[in-house]
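Asks: Just a sequence and a predicted model for now, questions to come.
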Amino acid sequence: MSSRIEDYALIGDCETAALVARNGSIDWLCFPRFDSGACFAALLGTPDNGRWRIAPAEPARAIRRRYREKTLILETEYETEKGVVTLIDWMPPRMTFNASNLMRLVVGKSGQVAMQMELIVRYDYGSVIPWVHRVQGGIRATAGPDSLIFLSGIELRGEDFRTTAQFAVSAGQRVPFQLVCFRTYEALPPEAEVEQSLRETEEWWRKWCDRCSYRGEWEEAVIRSLITLKALTYAPTGGLVAAATTSLPERLGGPRNWDYRYCWLRDATFTIYALALSGYIEEAQMWREWLVNAAAGVPSEMQIMYGLAGERRLTELEVDWLPGYEGSRPVRTGNAAHDQTQLDMYGELMDSIYVAERAGLPPNENAWRLQLALLDYLKKAWQKPDHGIWEVRGCSRHFTHSKIMAWVAMDRAVKSVEAFGRSGPVNDWVRIRQEIHDQVCSHGFDPQINSFVQYYGAKHVDASLLMIPLVGFLPASDPRVLGTVQAIQERLTRDGLIDRYPTMPEVDGLPAGEGSFLMCTFWLADNLALQGRYEQAQLIFERLLELRNDVGLLSEEYDPVAHRLLGNFPQAFSHVGLVNTARNLTRAGGPAEHRQGL
């Protein structure tokens, strides 16, 4: 039986990420840029697919864990009949160490505790058993281009293609371990001093957190979410992955299992708001530069997502030798949605660059030239059907949200001229902006249900319509917006949480059923705040905070029946929503109100 999604904590070095279960098992670890295949993939299969477990030999009476304040250093305390021991897990940021280094430190607190260690290394998602041989202080495991060095001061044994050890820890004793990942053809990274690495990593994260400008009731939750976003950032380029995992299901046992280890353009708007308004201008600037570089080229060929360095070929494959998380198949790598037409991405890109410059980033002429080319393409492309924000695998349609975001693209172009003195065909943009607005209000709104609808001619709503006032398309007080919010609350709410849309095979080409979407529920809270219904908005926000796991992390979705987190984990979109909604509820001028003034 695999651990629940909420049983995992994240550690990372701003290039690589690992998930640590409450039982002391690291069940997921990918190499830099997430493209080389996991060397620990037990999360999507069995322990034999790769894991690294350190835990007491006897069952623990109590397990308590936490992150050290304002860091990504995880401490798990195990209380046994014989004593208490703490397992400390971290990865030194790549800015302080030149390889992906996974550190673990066992610290005796009281008594004497018998411990056991098991290391199972499997490359390429559990399919490749490496060649393992002993080196000074540990072992080396190599398979083709991928290698690791595992170092420990205790005696190691090799048995049945795994490495094991038994040892005891007394009060005051500290037993270090480290696992260094590197390319086989590169020089062997220098051995790090574990205790020094722990001190330097703690100092690095706390200095980074001290830059946070948020001060309010939910400061702890906001800082934890910002740390999570930073950990999901690929430091060399500023690209931000949607999540650290692939194929964690949106419904247990179902086929809605996608690879989220890529950068979506639509994440840019929300991410830049979260970072820039929290004082992280440097990260916002890196993200803008990544956007410009990734999207450069022929406008008609711009993708909705890219690799961490801007890669375009994200071929979707099924990893058929992995049984999947709790039998949820298929397991996928790559994402075929990268080749879809999604018109909302033009609005996301235009809005994100505009917001970045309003936040104080210097103008970028290359960015503006790219924007001009995209706008010229969008003049006609906005009238085409697309696959929408939710990347449906069914047929393309005239999705209302997509048209609204095309309006945003034209609107931000006009405002860029007004605010920054840019040059461009403003009269054309103003005219097209009005055409889109008129069409959406005419074809995207259904008077019979008093709500905007998912796509032209539909009779059902979609949670993406909550973006209408958040992007400034219509004010939150507009009767059509009020009716839409009410319809979404009535039709898409389960246990106080919001579903994305009614999942139907005829719409998205997949079997029905998934969890409630956490980001959409944050959007609902934002809408209520804009309507002045702060008490209701705060109740929803606090409910969302309760869904975080014990170390403050959220996945993409939540199952309101089984009361479990669902989807890839941790999910950047959910944590961006938390940061933005906290600001909306803390004071005027948060992201939602800020956009109203755009």
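Replies: Received the coordinates, thanks.

Asks: switch to C-alpha atoms for all contacts and neighbour counts from now on
Replies: Fine.

Asks: domains for this protein, by residue range?
Replies: If you go by automatic domain parsing, the domain ranges for the chain are 5-185, 219-596.

Asks: ok, now which ones touch the residue located most distally from the centre of the chain?
Replies: Ranked by distance from the centre of the chain (C-alpha atoms, centre = their mean), the top residue is residue 111, with 40.4 Å. Residue 111 is in contact with 82-84, 170-171, counting by C-alpha atoms under 8 Å, 6 or more residues apart in numbering.

Asks: Among those residues, which one is most surrounded by other residues?
Replies: In terms of neighbours by other C-alpha atoms under 10 Å, these top out with residue 84 at 24 neighbours.

Asks: per-residue confidence for that residue?
Replies: In this model, residue 84 is scored at 98, pLDDT.

Asks: helix/strand/coil for it?
Replies: Judged by DSSP: H, G, I helix; E, B strand; the rest coil, the three-state class of residue 84 is strand.

Asks: Quick check: it touching residue 77?
Replies: Yes. If you go by C-alpha atoms under 8 Å, residue 84 and residue 77 touch, sitting 7.1 Å apart.

Asks: Point out where the stretch 51-200 of the chain drops to low pLDDT.
Replies: In the predicted model of the stretch 51-200 of the chain, residues 96 satisfy pLDDT under 70.

Asks: Spell out, range by range, the strands that occur in the stretch 1-150 of the chain.
Replies: 8-12, 17-21, 25-30, 38-40, 51-56, 62-67, 74-79, 83-90, 100-120, 131-135, 138-143, 146-152 (DSSP state E, counting those that start in this stretch).

Asks: what's the shortest one packed up against?
Replies: Other helices and strands packing on strand 38-40, by 3 or more C-alpha pairs under 8 Å, 6 or more residues apart in numbering; DSSP states H and E, are strand 25-30, strand 51-56, helix 123-126.

Asks: what residues are up against residue 24?
Replies: Neighbouring residues of residue 24 by C-alpha under 8 Å, 6+ apart: 53-55, 76, 87.

Asks: among those, which two are most distant?
Replies: 53 and 76 (12.7 Å; C-alpha to C-alpha).

Asks: out of the two, which sits in the more crowded spot?
Replies: residue 76 (22 against 18).

Asks: Report the beta-bridge partners for the more buried one.
Replies: Counting by DSSP bridges, residue 76 is bridged to residue 65, residue 87.

Asks: In the protein, what helix or strand scores lowest on average pLDDT?
Replies: Lowest on mean pLDDT, DSSP states H and E among the helices and strands of the chain sits helix 591-596, with a mean of 56.

Asks: avg pLDDT for stretch 16-23?
Replies: Computed over stretch 16-23, the mean pLDDT rounds to 96.

Asks: how far out from the middle of the chain is it?
Replies: In terms of C-alpha atoms, centre = their mean, to the nearest Å, the centre of stretch 16-23 is set 15 Å apart from its chain centre.

Asks: Kindly format the C-alpha coordinates of it as PDB.
Replies: This file holds the C-alpha atoms of stretch 16-23, laid out as PDB (Å, rounded to 0.1, in the frame of the first residue of the first chain):
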ATOM      1  CA  THR A  16      15.700  18.800  -8.600                       C
ATOM      2  CA  ALA A  17      13.000  17.700  -6.200                       C
ATOM      3  CA  ALA A  18      12.300  14.700  -4.000                       C
ATOM      4  CA  LEU A  19       9.300  13.500  -2.000                       C
ATOM      5  CA  VAL A  20       9.700  12.200   1.500                       C
ATOM      6  CA  ALA A  21       7.000  10.100   3.200                       C
ATOM      7  CA  ARG A  22       6.100  10.100   6.900                       C
ATOM      8  CA  ASN A  23       7.600   6.600   7.200                       C
END
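
Asks: And the contacts of it?
Replies: By C-alpha under 8 Å, 6+ apart, the list of residues contacting stretch 16-23 from outside reads 3, 7-12, 26-34, 53, 55, 63, 65, 76, 100, 231-232, 234, 244.

Asks: Pull out the buried residues from the helix ranked longest in the chain.
Replies: Longest helix in the chain by number of residues (criterion: DSSP state H): helix 400-420. Neighbour counts over helix 400-420 (16 or more other C-alpha atoms under 10 Å) mark 400-414, 416 as buried.

Asks: and what of stretch 109-125?
Replies: Result for stretch 109-125 [16+ other C-alpha under 10 Å]: buried residues 109-110, 112-125.

Asks: so which two of those residues are the farthest from each other?
Replies: 110 and 124 (40.3 Å).

Asks: Walk me through the regions of this structure where pLDDT falls short of the threshold, as ranges.
Replies: 1, 31-37, 96, 507, 587-598.

Asks: out of the contacts of residue 24, which one sits closest to residue 225?
Replies: Nearest to residue 225 among the contacts of residue 24 is residue 76, at 19.8 Å by C-alpha to C-alpha.
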